[in-house]
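> my questions concern the predicted model and sequence given below.
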Amino acid sequence: MAVAVLPCASFWVIRSCQLNKAFVKENDQDEEEGASPGAPSLPPGTRNYMTRRGFETLKAELDQLVKDERPRLVETVRWAASNGDRSENGDYIYGKKRLREIDRRIRFLIKRLESATVVTPSEQENTEQVFFGATVTVMCEAEGGEEQTYQIVGVDEANASEGRISWIAPLSRALLKAREGDVVRFASPAGMREIEVVEIRYI
């Protein structure tokens, strides 16, 4: 597996953009706070694997929040606060609520990116077996022989509707180290399923 642990110096630049204490509520809640709705948590003690694409997507979101959305919202809250009674000030109340959400998301993204182990699928040396980053085509005889293709990706970049499944998902775990022609079984929400590995690619 081709793995590169990226340096995190660039994120200290982001940290140096001091979050205005007047608008940030500090707390010690779960480090998964700020995750996308429905996103699975990383199993304790495991590496935070993600593809280069996933890393760049999270980094772009962090940059957009820190450099664009948060500064604009801070200005809106300041303007709303200057208009008098805050208890009935919709712009102020919503702005403060949204600011807390953004700050939670920023903290979450910084932690995720700092802990990332980035894998470049195209650099995988053992292309005959399924590992993280593989794009796998499978077939299920019980479902009429229909073929489906999935890429095994990080927990924060999974999107089943686009064929990207988390490496901690039951299907991914069942496929790990499988070869073309192998038949694997795994527990799905509908019960046990049996699928054949048709093709393995690293792109």
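Yep, that arrived. Numbering: from 1, shown residues only.

> would you map the helices across the protein?
Under the criterion DSSP state H, helices of the chain are mapped to 9-15, 52-64, 70-81, 90-114, 170-175.

> got the domain ranges for this protein?
Per the record, the chain has its domains at 3-119, 121-201, by automatic domain parsing.

> among those domains, where is the model least confident on average?
Between the domains of the chain, the lowest average pLDDT goes to domain 3-119, which shows a mean of 76.

> tell me the buried residues in the lengthiest strand in the chain?
Secondary structure of the chain read by DSSP state E shows that its longest strand is strand 191-201. For strand 191-201, a neighbour-count test (16 or more other Cβ atoms under 10 Å) marks 193, 195-197, 200 as buried. Heads up, the C-betas are built off the backbone N, CA and C, glycines and all.

> out of the helices of the chain, which gets nearest to Pro40?
Of all those, helix 170-175 sits nearest to Pro40, with 11.4 Å by Cβ to Cβ.

> distance-wise, check Thr117 relative to Asn48.
Thr117 is 6 Å from Asn48, where distance means Cβ to Cβ, to the nearest Å.

> for Gly133, same thing?
Taking Cβ to Cβ as the criterion, Gly133 is separated from Asn48 by 14 Å.

> do the same with Leu65
Separation of Leu65 from Asn48 (Cβ to Cβ) stands at 19 Å.

> and for Leu73, the neighbour number?
Leu73 has 19 neighbours, counted by other Cβ atoms under 10 Å.
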